[in-house]
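1. here is my input, please return the structure:
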Amino acid sequence: MNQQYPVIIIGAGPIGLAAAAHLIERHQDVRVLEAGPSAGAAIQNWGHIKLFSTWKYNIDAASRRLLETPTGTYPGDWVAPRETRLPTGAEMVTNYLEPLAAHPALAPNISYGHRVTQITRIQAEGKSVDKTRTQGREDSLFLVRTQTAAGTEDLLARAVIDASGTWDTPNPVGRSGIEAIGETEARASGFITCPLPDPLGTDREAFARKTILVLGAGHSASNTLISLGRLRQQHPDTTILWGLRGEANPVKLYGGGAADQLPARGQLGTSLRRFVENSDITIVENLSISALDIGEKLTLDLAGGRNLVVDLLVPATGFRPDLAMLSELRLDLDTIVEAPSALGPLIDPEFHSCGTVTAHGESVLAHPEADFYIVGMKSYGRAPTFLMATGYEQVRSIAASLAGDRAAAENLELQLPETGVCSTDLGGSCDAPATGEPAAACGTEEPAADSCCGTPVPVSIGFGTGTLHGFTELAQVPGR
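-> The predicted model follows:
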């Protein structure tokens, strides 16, 4: 009886639309709920950023077949971008997601401006099945509550795929995973920027000739730092600080260089290393922010009684999943990474940073709540190493399972490019993925003694008891 209800997909990004394409290909009814006004709405926030994976890894197979196959009045004349090109976020939306969302098989099934706020279970007769009720639970429907411009709307589904992503829930800049005192006010006042600003484009005037702290040690931080380095070449009175929290090691972000099978990803680290070595970017180690004080500038209160004064803080601190709307569902999540428990140990960033994970599908992503799945970036919880191709394989497997094809669901094939570098434990060994693959090479440079990749010596800057003394110490940094 539940077959008369659709599979509801939350999110009209690349993974959500791929899930819809795979289900439609298997003649399953779908409905896609997107909080934003258009497909790929979250990606539009970082449209200026160029992906480090080429189009080859960013187009889903079922979506391609849908776009290229004539049907009814649809001519099937979509032409895929050249495989070897690197798309920007904006190009990803314009050249792929918008045509896909406009396809006549998909367009009538997408509802924009529908933000999901709660998901629970309900029996077809309308009887309540809250989280504590077990009897008849697997045969009950999902009730998906959405907030729209017209008000609150409840929708029924036989299965739910959560591809809502993590863009709306960035990690705080405060220490130990919680907001710093005053962080909310600093964001509202504009001292804390969006996670991926555009210093060479729309944000140029806001960043030029300012003191900017980029906090974080991932690819988002790398992109922003490189853009700021280029901005500083045009405006030398711009000061760029790269803040590393705890024992963060720049070598992870520098990456594998020429050994990376995604050359653009390797080039990120190479370019960033050059800016640091030329003293265009200064590393500030062991940043632990307890409070933020707003004045003419932003003062960061740090551990040990230190403080730091900046004009802008870029929070390249990563993202975390919003689990609040799932509170009435029975989930099995890794307590550390907040990914599905079978996936969590494979992607825990404390131990694995290779960016390559064994292909995984429905069985790894399943929860005690039957026919509910978290996919895409959100499925990785707090781990930052997700690649789009991984999400496409996730939803292919799930669609097969929901269509009753267990053999196809369990037959997983996915080849991901190696990063060329794994994280270092600073004690002499690279970690290997939990898949048993050998640790990747650490690049072409000569490794330092007792280090797998060679640990660069970060430039440290001294703190006074008040401010940073106007950064006068920078003139004394060797090589500046």
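
2. alpha carbons only for contacts and neighbour counts from here, please
-> Noted.

3. what's opposite residue 32 in the beta bridge?
-> Following DSSP bridges, residue 32 is listed with bridge partners residue 9, residue 110.

4. residues in contact with it?
-> Contacts for residue 32 (C-alpha atoms under 8 Å, 6 or more residues apart in numbering) come out as 8-12, 16-17, 20, 109-111.

5. all helices for this structure, in order.
-> 14-25, 61-68, 89-92, 98-102, 183-188, 204-207, 219-234, 250-254, 263-277, 344-347, 362-365, 388-402, 406-410 (DSSP state H).

6. re the thing from before, buried only: go through the contacts of residue 32 for me.
-> Listed as buried from these are 8-12, 16-17, 20, 109-111; burial here means 16 or more other C-alpha atoms under 10 Å.

7. what's around the closest residue in space to residue 196 that isn't next to it in sequence, how many residues?
-> Leaving aside its chain neighbours, residue 196 sits nearest to residue 46 (6.1 Å; criterion: C-alpha to C-alpha, 6 or more residues apart in numbering). Neighbour count for residue 46, taken as other C-alpha atoms under 10 Å: 17.

8. kindly report the same for residue 188.
-> Neighbouring residues of residue 188 were enumerated by other C-alpha under 10 Å; the total is 10.

9. kindly report the same for residue 304.
-> 8.

10. same check on residue 389?
-> Residue 389 has 22 neighbours, counted by other C-alpha under 10 Å.

11. isn't it right up against residue 57?
-> Yes - judged on C-alpha atoms under 8 Å, residue 389 makes contact with residue 57 at a distance of 5.5 Å.

12. and the contacts of stretch 182-201?
-> Residues outside stretch 182-201 that contact it (C-alpha under 8 Å, 6+ apart) are 45-46, 48, 170, 172-174, 203-208, 220, 224, 227-228, 230-231, 291-294, 297-298, 311-317.

13. how does the chain divide into domains?
-> Domain assignment of the chain by automatic domain parsing yields the ranges 2-168+319-410, 175-317+438-475.

14. what about the shortest one, average pLDDT?
-> Yep, that's domain 175-317+438-475 we're talking about. On average, the pLDDT along domain 175-317+438-475 is 76.

15. okay, now the unreliable bits of the stretch 1-150 of the chain?
-> Low-confidence segments of the stretch 1-150 of the chain, defined by pLDDT under 70: 1.

16. can I get the buried ones among the contacts of residue 32 in JSON lines with distance to residue 371?
-> Formatted as JSON lines, the buried ones among the contacts of residue 32 follow (distance: C-alpha to C-alpha, whole Å):
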{"residue": "8", "distance to residue 371": "11"}
{"residue": "9", "distance to residue 371": "12"}
{"residue": "10", "distance to residue 371": "14"}
{"residue": "11", "distance to residue 371": "17"}
{"residue": "12", "distance to residue 371": "19"}
{"residue": "16", "distance to residue 371": "16"}
{"residue": "17", "distance to residue 371": "18"}
{"residue": "20", "distance to residue 371": "15"}
{"residue": "109", "distance to residue 371": "20"}
{"residue": "110", "distance to residue 371": "20"}
{"residue": "111", "distance to residue 371": "21"}
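
17. now residue 319. Nearest residue, chain neighbours left out?
-> Closest residue in space to residue 319, ignoring its immediate chain neighbours: residue 170 at 4.1 Å, by C-alpha to C-alpha, 6+ apart.

18. any idea how far residue 132 is from the one you found?
-> Counting by C-alpha to C-alpha, to the nearest Å, the separation of residue 170 from residue 132 is 31 Å.

19. then residue 40?
-> Distance of residue 40 to residue 132, given as C-alpha to C-alpha: 36 Å.

20. neighbour count for those two, which is higher?
-> Taking neighbours as other C-alpha under 10 Å, residue 40 and residue 132 compare with residue 40 leading, 27 against 10.

21. and the nearest residue to the more buried one once chain neighbours are set aside, how far from residue 67?
-> In space, and not counting its chain neighbours, residue 40 is closest to residue 13: 4.5 Å by C-alpha to C-alpha, 6+ apart. Using C-alpha to C-alpha, residue 13 is found at 16 Å from residue 67.

22. same check, this time on residue 350
-> Distance from residue 350 to residue 67, counting by C-alpha to C-alpha: 40 Å.

23. compare neighbour counts for those two and give me the winner.
-> The neighbour comparison of residue 350 against residue 67 (other C-alpha under 10 Å) goes to residue 67, with 26 against 11.

24. that one and residue 77 touch, don't they?
-> Yes - at 7.5 Å, residue 67 counts as touching residue 77 under the criterion of C-alpha under 8 Å.

25. so who does the most centrally placed residue in the chain touch?
-> The centroid of the chain falls nearest to residue 377 when counting by C-alpha atoms, centre = their mean (5.4 Å). Residue 377 makes contact with 163, 165-166, 386, 391 under the criterion C-alpha under 8 Å, 6+ apart.

26. repeat that for 7 Å
-> Neighbour list for residue 377: 165-166, 386 [criterion: C-alpha atoms under 7 Å, 6 or more residues apart in numbering].

27. that one and residue 162: what is the separation?
-> When residue 377 is compared with residue 162 (using C-alpha to C-alpha), they lie 10 Å apart.

28. excluding covalently adjacent residues, which one is nearest to residue 283?
-> residue 242 (4.7 Å).

29. who's the one you found bridged to?
-> residue 214, residue 283.

30. give me the distance between it and residue 288.
-> Residue 242 is 13 Å from residue 288, by C-alpha to C-alpha.

31. so what does the most far-flung residue of the chain relative to its centre look like in phi/psi?
-> Distance from the C-alpha centroid of the chain, by C-alpha atoms, centre = their mean, peaks at residue 125 (39.4 Å). Residue 125 adopts backbone torsions of phi -80, psi 0, taken as degrees, to the nearest 10.

32. can you tell me the number of residues neighbouring the residue nearest to residue 284 when sequence neighbours are not counted?
-> Distances taken as C-alpha to C-alpha, 6+ apart place residue 243 nearest to residue 284, at 4.8 Å, with adjacent residues excluded. Applying other C-alpha under 10 Å, we find 24 residues neighbouring residue 243.

33. quick one: the helices of the chain as TSV, columns for distance to residue 213 too.
-> Below are the helices of the chain laid out as TSV (distance: least, C-alpha to C-alpha, whole Å):
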stretch	distance to residue 213
helix 14-25	31
helix 61-68	40
helix 89-92	24
helix 98-102	35
helix 183-188	14
helix 204-207	11
helix 219-234	9
helix 250-254	15
helix 263-277	14
helix 344-347	28
helix 362-365	37
helix 388-402	29
helix 406-410	46
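
34. just give the closest residue to residue 378, not the sequence neighbours.
-> Leaving aside its sequence neighbours, residue 378 sits nearest to residue 165 (C-alpha to C-alpha, 6+ apart; 4.8 Å).
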